[in-house]
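Chemist: My questions are about this predicted structure, shown below with the sequence.
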Amino acid sequence: MKIVFMGTPDFAVPSLERLLADDHEVAAVFTQPDKPRSRMKMIPSPVKTAALAHGLTVFQPTTVRDEAVLQQVRDLHPELLVVVAYGKILPKSLLEIPTVAAINVHSSILPHYRGAAPINWAILQGDSETGVTVQHLGVELDAGDIILVKKTPIDPEEDAAELTERLAALGAEALSEAVKALASGTAERTPQGEAIEPYAAMLSREMSPIDWNKPAQTIVNQIRGLIPWPCASMELEGKRLKVYRGAVGGATTARPGTVISADKRGIAVAAGDGRSVLITQVQPEGGKRMAADAYLLGHPIKV
């Protein structure tokens, strides 16, 4: 099929590459504009880097609502518009251009977790299963009819970055199947029904500080779910640390937030449900990510 692809982050790259591997004609790739790393250097999106490596035409408009951009897409005469984490809400006038369909790969089992950060929220909520959904695009966000769903368990120790990588591969597989079904006219089309809360809102820095009054497992889910950004954080003897790894520890009667132990196993802190959280990987401000016991070598704590 002749396809216009729209995507930006690493998550979208496997889908683009799978379309090419399946011998579809990717007429052009739309991605977000390069971002400045410094005054002297602009950084392209992962999708742009991948597209140029395959010799594809790349467009980077600041908006897709201008008539000039819409005409660019019309001039490509796409049968299919494929959107994977592009980063902008698309107008109806754009979605109506492809002759077969405009579809999206969303990283949740819709109608669960509509919104910008479904992978993170699945972990934050302590879910044991997630997946990817290929859906028709409509005006309402993530509410289009479903073509197919693929599910996968969430490992209890898996963080959001690790899960994102797995779902990117699963999404590419699902997209391949969906495009084949659309091409053959056998694709299913199932209405979603009402959204299932919670809405997967964008993450913010305000979500970072750990509240030790919460249950230990909730805190561990926060640590896992906020990687790679904004990361969970804690205060330790007046210093702020990002927390990258933690696990539910043993029982304790200590007041929530109390450091119970700090040794080669890590830093154990009392939580609000009579359990502790064992912190095993941290990053001090201005420093590198390291094992908690390595941090303690330079910052010993008396317990």
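Modeler: That came through fine.
Chemist: so where do the helices sit in the stretch 101-250 of the chain?
Modeler: 118-124, 160-184, 216-225 (DSSP state H, counting those that start in this stretch).
Chemist: Show me what the last one is packed against.
Modeler: Packing contacts for helix 216-225, counted by 3 or more C-beta pairs under 8 Å, 6 or more residues apart in numbering; DSSP states H and E, involve helix 118-124, strand 232-236, strand 239-251, strand 275-284. C-betas here are computed from N, CA, C, even on glycine.
Chemist: report the angle between the axes of that helix and strand 275-284?
Modeler: Using axes from the mean of the first three to the mean of the last three C-alpha atoms, to 10 degrees, one finds that helix 216-225 and strand 275-284 are set 20 degrees apart in direction.
Chemist: and the angle from helix 216-225 to strand 239-251?
Modeler: Interaxial angle of helix 216-225 relative to strand 239-251 (the same axes, to 10 degrees): 140 degrees.
Chemist: neighbouring contacts of helix 216-225?
Modeler: 120-126, 157-160, 207, 210-212, 214, 232, 243-249, 271-273, 275-277 (C-beta atoms under 8 Å, 6 or more residues apart in numbering).
Chemist: Can you check which of the helices and strands packed on helix 216-225 gets nearest to Leu170?
Modeler: Among these, helix 118-124 comes nearest to Leu170, with 11.3 Å by C-beta to C-beta.
Chemist: Return the distance of the closest one from the chain's centre.
Modeler: Mean-position distance between helix 118-124 and its chain equals 8 Å (C-alpha atoms, centre = their mean, to the nearest Å).
Chemist: Now it: buried residues?
Modeler: Using 16 or more other C-beta atoms under 10 Å as the test for burial, helix 118-124 gives 118-124.
Chemist: try stretch 145-158
Modeler: Buried, per 16+ other C-beta under 10 Å, within stretch 145-158: 145-150, 154.
Chemist: Please produce CSV containing the helices of the stretch 101-250 of the chain, extended by distance to Ala12 and mean pLDDT.
Modeler: CSV is the format used below for these (distance: least, C-beta to C-beta, whole Å; pLDDT from 0 to 100):
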stretch, distance to Ala12, mean pLDDT
helix 118-124, 13, 98
helix 160-184, 8, 98
helix 216-225, 21, 98
